[in-house]
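Engineer: what follows is a protein structure lacking sequence information:
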């Protein structure tokens, strides 16, 4: 098996089809275990009471939102440089999931901010950069959806994703600087120096659950894109005739 | 290459000067938008002085974005762009010349108009000078980034809104350092760090944005 074996959409389609059930099972089992430990086993926080438990959804979602943006930019760059169709399709399939995780992170952040800080939103560096990440996802999605020709949409999207990825550190540090200079709300999220091991375990389980979910849902979306773009290919038509025969 | 740059740059200036009304639209937008804020917020001098730098920066940002979406549209519509590329002319030079012309035609007037409004919002002379300086350093960044967005959305429906959505998040650092410099002067501190960072951003944009614009232009005409 060579490195580029699964660069062929047909092979990717078959492999991902075989992996999908396992990914969904992994996501469900891990999320069940993580939520159970998070909500029933992990101790109550001394300062924040029960409200802190949203961390088990909030933090993994925020991590995923950033990882997926980098993955999207990376696949888009591979698709651009090597002219690999599958890589571009993966980049396109990643974007909606990244947007959803960003929304979840912002939403749960607001829901956590209300009991913890007494306000739904503060213009904290982390919140603001996450909001700008949301705008970056929106720009990518709006551009790729607006272009009808898939090849041009892939390439234009790749440019936006790469320019965005280069700018993400600059944006993050400028926002942090802006925040420290203005000294608005001096809220720090790093106020939990020692984390109970049950909390850590729940967070890890939820992170893996989110990873499994992300893989599953991105593979499903990528499979749909593969079918749509390769609809004239013999192997796709073979799929439908087999389906009718069975 | 330099001859082509100069020729394209002068052509843009000449075309615009034949229709001066169009060239004045962004600055008109800027003036009207800035003037609306006191009406919406109230005439309190202290409040206006506090928000003036950010307000003028945001309005300059929007004025640039509104005008930049048409940067390549006319040339694309009448085939000039295709001919330039077919003739083997470098897309990089085309992008650089258009961005430069765009800045001279919209960025520079904003830099000139800003001090007037600075005075109307009650800013101190030192702050006004700093505001003009940051706009001088910052508006080229906006034109360069806007040119990338304009090239990417070339020929699309709703290109104008798309450019804004794509480019605005990328302009956040310029906005932060630009307004931060004025705030530093207002607070009696040195604005050197802000200006250095804004200058670094400008150099970075000059080096990278035309490359991205050129790639997007090639994509649009292929």
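Structural biologist: Nice, I can see it. As the structure is a computational prediction, the values presented were derived from the model and not from experiment. Numbers count the residues shown, from 1 in each chain, chains lettered A, B, ... in the order given.
Engineer: so which elements touch the lengthiest helix in chain B?
Structural biologist: Longest helix of chain B, by residue count under DSSP state H: helix B:192-221. Judged by 3 or more C-beta pairs under 8 Å, 6 or more residues apart in numbering or on different chains; DSSP states H and E, helix B:192-221 is in contact with helix A:150-182, helix B:80-86, helix B:91-102, helix B:125-152, helix B:172-186. Where C-beta positions appear, they are placed from N, C-alpha and C, glycine not excepted.
Engineer: quick one: mean pLDDT for it?
Structural biologist: Within the predicted structure, the mean pLDDT of helix B:192-221 is 91.
Engineer: and the helices and strands packed on helix B:192-221 as TSV, adding distance to residue A:57, mean neighbour count and mean pLDDT?
Structural biologist: Converted to TSV, the helices and strands packed on helix B:192-221 look like this (distance: least, C-beta to C-beta, whole Å; neighbours: other C-beta atoms under 10 Å in any protein chain shown; pLDDT from 0 to 100):
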stretch	distance to residue A:57	mean neighbour count	mean pLDDT
helix A:150-182	22	20	84
helix B:80-86	48	16	85
helix B:91-102	44	23	91
helix B:125-152	34	25	93
helix B:172-186	27	24	90
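Engineer: could the ones you listed go into TSV alongside distance to residue A:34?
Structural biologist: What follows is the helices and strands packed on helix B:192-221, written out as TSV (distance: least, C-beta to C-beta, whole Å):
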stretch	distance to residue A:34
helix A:150-182	28
helix B:80-86	54
helix B:91-102	49
helix B:125-152	40
helix B:172-186	34
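Engineer: residue A:10 - that's part of a helix, no?
Structural biologist: Yes - under DSSP: H, G, I helix; E, B strand; the rest coil, residue A:10 sits within a helix.
Engineer: tally of neighbours for residue B:16?
Structural biologist: Using other C-beta atoms under 10 Å in any protein chain shown, residue B:16 has 17 other residues around it.
Engineer: which residues are in contact with the closest residue to it other than its chain neighbours?
Structural biologist: Closest residue to residue B:16 apart from its sequence neighbours, by C-beta to C-beta, 6 or more residues apart in numbering or on different chains: residue B:23 at 4.6 Å. Counting by C-beta atoms under 8 Å, 6 or more residues apart in numbering or on different chains, residue B:23 touches B:16-17, B:105-106.
Engineer: those residues, buried ones only, as a ChimeraX selection?
Structural biologist: In ChimeraX syntax, the buried subset of those is picked out as below (16 or more other C-beta atoms under 10 Å in any protein chain shown):
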select /B:16,105,106
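Engineer: mind putting the contacts of residue B:23 into TSV with distance to residue B:9, pLDDT and secondary structure?
Structural biologist: Converted to TSV, these look like this (distance: C-beta to C-beta, whole Å; pLDDT from 0 to 100; DSSP: H, G, I helix; E, B strand; the rest coil):
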residue	distance to residue B:9	pLDDT	secondary structure
B:16	11	85	helix
B:17	13	85	helix
B:105	11	91	helix
B:106	14	91	helix
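Engineer: ok, residue A:114 to residue A:120 distance?
Structural biologist: 5 Å (C-beta to C-beta, to the nearest Å).
Engineer: mind listing what residue 222 touches?
Structural biologist: Picking chain A for this. Contacts of residue A:222 (C-beta under 8 Å, 6+ apart): A:12, A:16, A:86, A:89-90, A:92-93.
Engineer: wait, chain B
Structural biologist: residue A:152.
Engineer: same deal with residue B:58?
Structural biologist: Residue B:58 touches residue B:175, counting by C-beta under 8 Å, 6+ apart.
Engineer: got a pLDDT number for it?
Structural biologist: Residue B:58 carries a pLDDT value of 94.
Engineer: for it, phi and psi?
Structural biologist: As for residue B:58, its main-chain torsions (degrees, to the nearest 10) stand at phi -60, psi -40.
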